[in-house]
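>>> Quick one: sequence and predicted model below, then my questions.
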Amino acid sequence: MVEYRCFDCNKKVSQDYLRKKVRCPYCGSKILFKPRNVTTTVKAR
């Protein structure tokens, strides 16, 4: 299951809630993101 977080209040937003609206149910923000655990390194040529 994909985890989304609110950019403003940093609380978890369930994927079931996002099917209805694209807003944080806690603060009303429209900016949500998926936290990444793996850091990707890119080599310059």
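Structure's in. What do you need?

>>> Centre-most residue in the chain?
Nearest residue to the geometric centre of the chain (C-alpha atoms, centre = their mean): F33, 2.4 Å.

>>> Spell out the residue ranges of the helices in this structure.
15-18 (DSSP state H).

>>> Mind jotting down where the strands sit in it?
4-6, 12-13, 32-33 (DSSP state E).

>>> nearest to K20, of those?
Across these, the minimum distance to K20, taken as C-beta to C-beta, is reached by strand 12-13, at 11.3 Å. No exception for glycine: its C-beta is placed from N, CA and C like everyone else's.

>>> I figured the residue nearest to the centre of the chain hits E3, correct?
No: judged on C-beta atoms under 8 Å, F33 makes no contact with E3 at a distance of 9.9 Å.

>>> neighbours around C6, how many?
Per other C-beta atoms under 10 Å, the neighbour tally for C6 reads 20.

>>> and what of D16?
By other C-beta under 10 Å, 8 other residues sit near D16.

>>> ok, it to A44 distance?
Going from D16 to A44 by C-beta to C-beta, to the nearest Å gives 42 Å.
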